[in-house]
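Below are the sequence and a predicted model; questions follow.
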Amino acid sequence: MKKILLLLLIVSATLTLNACQNETFPTSVELLDVHPNIDNYYQIFIRSFADSNNDGIGDLKGIENNLDYLENLGVTALWLTPFHPSNTYHGYAVTDYYDVHEDFGTLEDLQSLIDAAKARNMDIMMDLVINHSSDQHPWYVEARSNLDSPYRDYYFWDAPNIAYQSFVGGLVDFDPTSEAFKSEVKKMLQFYGDMGILKFRLDAAKHFFDKPGLTAIDTNAGLYILEFKAFLQSEFGDDAHIVSEVFDYNYIRYPNYVLGTGSVFNFYGAMHLEQKVGFQSSRFNFVSSLKQFYDAMNEAQPNYIDHLFIGNHDIDRPATRINNIDARKQTVKAMYTLPGNIYLYYGDELDLLGRSQEGVNVPGYGTAYDEFRRTAFLWGDDQETTWFPDVQNISIPNVNEAMDNEASMYHVYQTFMQLRLDYPALMFGNFTPYENNDYNIQGFYRTYQNGDQKQTILVIINISQQASEIVLPSILETIYEDNTSMLGLDAYGVGIYLIEEEH
């Protein structure tokens, strides 16, 4: 359960907090118990984050050693990429679901991290890779060689001794119709739930039933996931949470998964943030497109919880995709004013670069592909990882330099995560379009009810390269306003205002 967080508040020069806010209205921090499945997430690619034992590889103890940094940034939950034993650097080819890769530590180290995070009221979400395993997993090795093996039922066979593969690289698919395998998944949920992990990301969820001969792919996947969610919550209560990865920029596939879990990673929203805010393309319908999406998700599941991001381990980094720094900062600000869980991919607060490359030979490493998206976090000390020789970020300021620079991307992330923690309407509120939206100005209201108290916040985004006039209703407080001018908001400006309620 969440408790009151005491986070360090570092306010940028452009942030104005006035005393006229209703002091009796609780902060988001005080309401995290009421909304246990909405957080400020930080995604960690473990191998690249922080090295605690000078072997050049990030590990679980390295994460635990840097919880102060994450807490001060405004993080309330961690998403850990796979920590299991694996024959691949990325970990998504699992060879043992009940242990920790020796590069990352031990089960005892995992428990220590869970306990340390819980002491700071941080949740941990783990990647649950149940679409496929490594073809070197003992289950699969035995199932191929022994037709009577109990693990034959775990896998979806393409030929007598070859399992179906949704992905290349030695990843062999499980059979989602197998009762034996479903029991195994519940065993995994129980194992990690008992350790204190109650949040799970289902990797590659849209591929669960996308196999030859299986029908109603999305509908059956939703029901499949619902069974796991029901089990998890029956064992651990409503704090337990599952989110499906449906890697599709068209949300037409989302509703069945939302029906199963109540949540899904919002690739559609990520696309609109990048295109309409980052690139200023068709910006006039940014808010209306989001409203259409939220309405569709809430129709499928009235208690829908969004999971929004602009960066993760599978896509090129924002600093590589969105070249204009002002547009990139505005995209981050816009993201943190939207509903649901918001994700920061480690290193994006430093504006790290990273683009996937096809089979590039890297001296001292070998052939690389997605490694360029998953390079070392820049600590500026001996905890930086060295497993991959990264040349693209040599000139990027490290974290201490970024923290000392008030104009850095670090301070954008910190300021806006803190705003969500200070104002429940930004963290938990509903979403209603602003009545004066036009080609440049895109705005929306976020409203949160707490008993007989109501907090309404208006967010105005000037998605433009010139100043734009804004029309404000009666406001109590200017919470945040940057790039102000006589006309309202300058180019790339964002304004956040506490609205005076009429009684």
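Great, that's in hand. Numbering: from 1, shown residues only.

Wait, residue 56 touches residue 386, no?
Yes. The criterion here is C-beta atoms under 8 Å, and residue 56 meets it with residue 386 at 3.9 Å. Any C-beta I mention is one placed from the backbone N, CA and C, and that applies to glycine too.

how about the helices of the stretch 151-300 of the chain, start to end?
For the stretch 151-300 of the chain, the helices defined by DSSP state H, counting those that start in this stretch cover 179-195, 217-236, 254-261, 267-272, 286-300.

what's the most buried one of the ones you listed?
Across those, the average number of neighbours (mean count of other C-beta atoms under 10 Å) peaks for helix 254-261, which reaches a mean of 24.

Does anything pack onto the one helix or strand residue 307 maps to? Which helices or strands?
Assigned by DSSP states H and E, residue 307 belongs to strand 305-309. Judged by 3 or more C-beta pairs under 8 Å, 6 or more residues apart in numbering; DSSP states H and E, strand 305-309 is in contact with strand 241-244, strand 263-265, helix 267-272, strand 341-345.

Turn the ones you listed into a markdown table, columns for distance to residue 92 and mean pLDDT.
Shown next, in a markdown table, are those (distance: least, C-beta to C-beta, whole Å; pLDDT from 0 to 100):
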| stretch | distance to residue 92 | mean pLDDT |
| --- | --- | --- |
| strand 241-244 | 16 | 97 |
| strand 263-265 | 15 | 97 |
| helix 267-272 | 18 | 98 |
| strand 341-345 | 16 | 98 |
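
Let me know which of the ones you listed is the nearest to residue 73.
strand 341-345 (8.0 Å; C-beta to C-beta).

List the neighbouring strands of the helix or strand following that closest one plus their orientation.
Counting by DSSP H and E, the element after strand 341-345 in chain order, helix or strand, is strand 360-362. Applying DSSP bridges to the sheet, strand 360-362 is found paired with strand 366-368 (antiparallel).

Tell me how far residue 135 lies from residue 268.
The spacing between residue 135 and residue 268, counted by C-beta to C-beta, to the nearest Å, is 33 Å.

Relative to the strand holding residue 307, what are the paired strands and their orientations?
strand 263-265 (parallel), strand 341-345 (parallel).

Tell me how far that strand lies from the chain's centre.
7 Å (C-alpha atoms, centre = their mean, to the nearest Å).

That one to helix 254-261, inter-axis angle?
Orientation check (axes from the mean of the first three to the mean of the last three C-alpha atoms, to 10 degrees): strand 305-309 against helix 254-261 gives 120 degrees.

How about residues contacting strand 305-309?
Residues from elsewhere that reach strand 305-309 (C-beta atoms under 8 Å, 6 or more residues apart in numbering): 37-38, 41, 43, 241, 243, 262-266, 269-270, 273, 294, 297, 335, 338-345.

do that again at 7 Å, thanks
37-38, 243, 262-266, 269-270, 335, 338-343, 345 (C-beta atoms under 7 Å, 6 or more residues apart in numbering).

Quick check on these: which are buried?
Among these, the ones that count as buried by 16 or more other C-beta atoms under 10 Å are 37-38, 243, 262-266, 269-270, 335, 338-343, 345.

Can you lay out the helices and strands packed on strand 305-309 as CSV showing distance to residue 93?
CSV is the format used below for these (distance: least, C-beta to C-beta, whole Å):
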stretch, distance to residue 93
strand 241-244, 20
strand 263-265, 21
helix 267-272, 23
strand 341-345, 21
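
Which among those is found nearest to residue 166?
strand 241-244 (15.0 Å).

Just checking the distance from the closest one to the centre of its chain.
11 Å.

Tell me how far the closest residue to residue 251 other than its chain neighbours lies from residue 289.
Excluding the flanking residues, the one nearest residue 251 by C-beta to C-beta, 6 or more residues apart in numbering is residue 268, at 4.2 Å. Distance from residue 268 to residue 289, counting by C-beta to C-beta: 8 Å.

quick one, helices of the stretch 401-503 of the chain?
409-422, 424-428.

mind putting these in CSV, mean pLDDT, mean neighbour count and distance to residue 128 included?
Formatted as CSV, those follow (pLDDT from 0 to 100; neighbours: other C-beta atoms under 10 Å; distance: least, C-beta to C-beta, whole Å):
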stretch, mean pLDDT, mean neighbour count, distance to residue 128
helix 409-422, 98, 23, 26
helix 424-428, 98, 26, 26
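
Format these as a markdown table; extra columns: distance to residue 142.
Below are the helices of the stretch 401-503 of the chain laid out as a markdown table (distance: least, C-beta to C-beta, whole Å):
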| stretch | distance to residue 142 |
| --- | --- |
| helix 409-422 | 47 |
| helix 424-428 | 48 |
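
so which of the ones you listed comes closest to residue 437?
Nearest of those (C-beta to C-beta): helix 424-428, 18.9 Å.

Go ahead and name everything in contact with the closest one.
With C-beta under 7 Å, 6+ apart, helix 424-428 has contacts from 26-28, 31, 35, 38, 337, 419-421, 446-448, 450, 455-457.

Check stretch 124-141 too.
Against stretch 124-141 from outside (C-beta under 7 Å, 6+ apart): 77-82, 86-87, 92-95, 114, 117, 151, 154-155, 163, 166-167, 170-174, 185, 188, 192, 197, 199-204, 207-208.

which among those residues end up buried?
Applying 16+ other C-beta under 10 Å to the contacts of stretch 124-141 flags 77-82, 86, 92-95, 114, 117, 151, 154-155, 163, 166, 170-174, 185, 188, 192, 197, 199-204, 207-208 as buried.

pretty sure the residue nearest to residue 251 contacts residue 249?
Yes. In this structure residue 268 lies within contact range of residue 249 using C-beta atoms under 7 Å: 5.9 Å.

Next one: the nearest residue to residue 378 once chain neighbours are set aside, what pLDDT does it get?
Distance criterion C-beta to C-beta, 6+ apart; nearest residue to residue 378, sequence neighbours excluded, is residue 398 at 4.0 Å. For residue 398, the pLDDT comes out at 98.

How many residues are close by residue 398?
15 (other C-beta atoms under 10 Å).

Any figure for the gap between it and residue 443?
36 Å.

For residue 468, give the beta-bridge partners.
Assigned bridge partners for residue 468, using DSSP bridges, are residue 489.

what sits against it?
So residue 468 contacts 440-441, 462, 487-489 (C-beta under 7 Å, 6+ apart).

what does residue 218 give?
Counted by C-beta under 7 Å, 6+ apart, residue 218 has contacts 253, 256-257.

And the strands in the stretch 101-250 of the chain?
Along the stretch 101-250 of the chain, counting by DSSP state E, counting those that start in this stretch, strands occupy 123-128, 132-134, 157-159, 162-163, 171-173, 199-202, 241-244.

Make JSON lines out of the ones you listed and add distance to residue 373.
As requested, these are exported to JSON lines (distance: least, C-beta to C-beta, whole Å):
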{"stretch": "strand 123-128", "distance to residue 373": "16"}
{"stretch": "strand 132-134", "distance to residue 373": "21"}
{"stretch": "strand 157-159", "distance to residue 373": "30"}
{"stretch": "strand 162-163", "distance to residue 373": "28"}
{"stretch": "strand 171-173", "distance to residue 373": "18"}
{"stretch": "strand 199-202", "distance to residue 373": "17"}
{"stretch": "strand 241-244", "distance to residue 373": "21"}
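
For residue 313, find the nearest of the ones you listed.
Taking the strands of the stretch 101-250 of the chain one by one with C-beta to C-beta, strand 123-128 is closest: 9.8 Å.

Please save the CA atoms from the closest one in CSV.
These are the backbone C-alpha positions of strand 123-128, laid out as CSV (Å, rounded to 0.1, in the frame of the first residue of the first chain):
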residue,chain,number,x,y,z
ASP,A,123,5.9,0.0,-6.4
ILE,A,124,7.8,-2.4,-8.7
MET,A,125,6.4,-3.7,-12.0
MET,A,126,8.2,-6.7,-13.6
ASP,A,127,8.1,-7.9,-17.2
LEU,A,128,6.2,-11.2,-17.4
